[in-house]
Each structure stands twice: as C-alpha cells, then as structure tokens.
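Q: With the input below, show me the fold.
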Amino acid sequence: MDQPKETKHPTQNLPLESLSQGTPHPSQLGQEEGSTGPSMPNLPTVSRDHRTYPLGMPSARDVWALSNRKLQKASSHSPHFVEMFENFADSLGIEVMLTFAVTSWNIWKRRNKVVFKGLLTHPSTVVQLSQQLVEDLLQLNLKKKTKGFGQPHNTHWEAPPQGKVKVNWDASVDKVSCKVGVGAIIRDWESKVLATFRMKHDLFPDPLMAEAFAALQAATFCKSLGYLDIIMEGDSLLVVSGLTSEREDLTYTSLIIADIRDTLNTFNSWSTRHTFRANNEVAHALSKDALSIIGSTTTFDFIPPCIQTLI
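A: Coordinates of the predicted model:
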C-alpha cells in the first residue's frame, strides 16, 4: 500500500503555515491512485503579500471566525511569523495571546487528523477545546501566583455582605450520555441555606459550555425567587471573566454568557466572583447528584442528603 504523499511548498512562501494553515476544505481531500488512505491535499500557498492574519488563512477561517473577536480583527504588515507574533504581543493582551497560541495548536492538530485519519473536527469543537485549555492554564497560573506570593487563598466559603445573597453554581458532564448536571445553592449573610437547584439537561458535553449553562440556570433561578441583590460565585475563571468583560465572540458559549449578563442586569445589583473548586464543593456535589435525577428539582429551607456532610 502506498504511503500518503506530501506536497511540498517553498518555505519562504509559508511563513505561517506550520502553525496556522489549519484544515483543508473536505473537497480537497482525496486518495492517491492505488492508495487506501487519504493523501496529503494540495495546500494553498500563502504569499508574502497575504498580510491579514488569522482570517487570511482560507483553510482555518471557519475556526478563527468563531474565536476571539480581537483575533479576528488582528493584522500585521510583516510577512514573517516571529515579527507578526511580536506585533500581536504588543497590541493584544496575555489572555488573547494565549487563546491565539492554543487555538493555532488545535488547528494544526485538526489538520493532521484530516490528513492522516480522514476525520474533520467541527470548528466550534476546536474553539471550545481551546477555550477549556486556556481556562485550565489561567487557573494553573493563578494558583502558582497565589502560592508564590505566600498568600494562601481562602479555604472556606465566605458569606455575602448583609442584605445580599450568594449563589454558587457548578456543572458536571456525562460525556457518554451527552448530559449535563447543574447544581446551584443560595445562601444569605448568615450562611443559611435558602434554596438549592438541581437539573439534568441534554447538552453537548463541553466543560466550558456546561459551566456557562449552569451559571445561566443559577441566575434564572435567583430571578424566579425574587432576589434583588446577588453575588454569583463559581470556579470557572473564563465564565466569571466573560461576565465582567465586553468581549463579543460568536461561540455558543459566549452567547450563553451574553444571556447570563442580560439576566443579571435585571437585578438591582449583582457581582460575580471566581473561587477555587475547594470552596465550591457544595455546588459541585449538587451538580454531580443532578446527573442521577430526571428533569430538575428545587429545595427550600432544606438541605439535600447529597450535601448534608458539606454544610
């Protein structure tokens, strides 16, 4: 059996291809005569006059079109990748640059999967996987900074100021059944449990999307109970930062976050805080238990058995 052949291109015409060429259009895929495996497609070359990046890469546009809005608008007048990267680093923030690097890496993996396995990953999946990895890296960096300064983070849940309630939320994912478990708990300034919420819902099993969906359900739950001044607290750094930023991405997760923000803006006052998983274990336990129920359930002035040892 013939081995897949690779079409070589002059390296001077491809300053960005090794990182960002992405996946060719399915119509470009084919098989060499007498071969049972997919051949290397004829990848389009990128000339030195092709200066707009990242949308300038035709075979990666579907991914970048769903990615960070600042990256969609980014451009450079340099034909060399290193110079382009430095220009972006000067004009874009650390989180955007991290998204750029991780997404580029996932685009390259996506391309290789098409070439060598004949499998095309949906662009939204690539973006969602990138977002989750970025969040994991940010979380890791935050923990290192906290440890480095010798200031240990709070290891227990903190009650909200008097007159406010705090809702903690979390999500658990069942990838096999494509189900998401949502858990939320509302407590007052005296640490009294006012209400809990659990829901099992059909959803694409993406962790970041699940966290955003859980936050939306938590905000809606608070609204339905008539609370006016709330604090939203969760352990998803990307969701929390998304709620406080004006970033407008076209991903499904970003649309959910926009819906959360719209809901929160109907309260008299609201704020959102990021916490570590250890401080969010009650909401996490509720979300795990939610995967064992049908539909949704709420409790008032009652502590469900699944969290009785945690309160």
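Q: Look up the pLDDT of the closest residue to Asp188 other than its chain neighbours for me, please.
A: Computed as C-beta to C-beta, 6 or more residues apart in numbering, the closest residue to Asp188 that is not its neighbour in sequence is Val165, at 5.3 Å. For the C-beta atoms, the positions are set from N, CA and C on the backbone; glycine is no exception. For Val165, the model assigns a pLDDT of 97.
Q: Quick check: Val165 touching Ile186?
A: Yes - when contacts are counted by C-beta atoms under 8 Å, Val165 is listed as touching Ile186 (5.4 Å).
Q: mind listing the strands for the chain?
A: With DSSP state E as the criterion, the chain has strands at 165-174, 179-187, 193-202, 229-234, 269-274, 296-300.
Q: what sits against Arg198?
A: 181-184, 286-287, 289-290, 293, 296-298, 304 (C-beta atoms under 8 Å, 6 or more residues apart in numbering).
Q: Quick one: neighbours of Glu281, just the number.
A: The number of residues packed near Glu281 is 16, by other C-beta atoms under 10 Å.
Q: Residue ranges in the protein under the pLDDT threshold?
A: Along the chain, segments meeting pLDDT under 70 span 1-59, 72-83, 90, 139, 141-155, 247-250.
Q: mind running it again at 80?
A: The model of the chain has pLDDT under 80 over residues 1-61, 64-96, 135-155, 246-251.
Q: Can you give the domain ranges for it?
A: As assigned by automatic domain parsing, the chain contains the domains 11-146, 165-307.
Q: highest average neighbour count across the ones you listed?
A: Using mean count of other C-beta atoms under 10 Å, the stretch among the domains of the chain with the largest mean neighbour count is domain 165-307, at a mean of 19.
Q: Work out the gap between that domain and the centre of the chain.
A: 15 Å (C-alpha atoms, centre = their mean, to the nearest Å).
Q: Which residue would you name as the spatial centre of the chain?
A: A centroid search over the chain (C-alpha atoms, centre = their mean) returns Gln131, at 3.5 Å, as the residue closest to the centre.
Q: what's the spacing between that one and Phe276?
A: Gln131 sits 20 Å away from Phe276, going by C-beta to C-beta, to the nearest Å.
Q: same question, Thr220
A: With distances taken as C-beta to C-beta, Thr220 is found 25 Å from Phe276.
Q: Kindly report the same for Gly183.
A: Here Gly183 is placed at a distance of 16 Å from Phe276 (C-beta to C-beta).
Q: And for Glu86?
A: Going from Glu86 to Phe276 by C-beta to C-beta gives 34 Å.
Q: and what of Leu194?
A: With C-beta to C-beta as the criterion, Leu194 and Phe276 are 23 Å apart.
Q: got it, and Pro161?
A: For Pro161, the distance to Phe276 (C-beta to C-beta) stands at 21 Å.
Q: can you check Lys200 too?
A: 25 Å.
Q: what do you get for Tyr227?
A: 25 Å.
Q: so what's the nearest residue to Asn280 once chain neighbours are set aside up against?
A: In this structure, Asn280 finds its nearest non-sequential neighbour in Asp235, 4.5 Å apart by C-beta to C-beta, 6+ apart. The contact partners of Asp235, taken as C-beta under 8 Å, 6+ apart, are 170, 274-277, 279-280, 284.
Q: And those, which is closest to Leu310?
A: Set against Leu310, the nearest of those by C-beta to C-beta is His284 (9.3 Å).
Q: Apart from its chain neighbours, what residue comes closest to that closest one?
A: Spatially, and ignoring its direct neighbours in sequence, His284 is nearest to Asp170 (4.4 Å; C-beta to C-beta, 6+ apart).
Q: Surely the one you found touches Gly234?
A: Yes - here Asp170 reaches Gly234: they are 6.5 Å apart, a contact under C-beta under 8 Å.
Q: which residues do those two both contact?
A: Here Asp170 and Gly234 have 211, 214, 280, 283 as joint contacts, going by C-beta under 8 Å, 6+ apart.
Q: Of those, which belong to helices?
A: 211, 214, 283 (DSSP state H).
Q: Turn those into CSV, including distance to Lys175.
A: Compiled in CSV, those are given as follows (distance: C-beta to C-beta, whole Å):
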residue, distance to Lys175
Glu211, 15
Ala214, 16
Ala283, 20
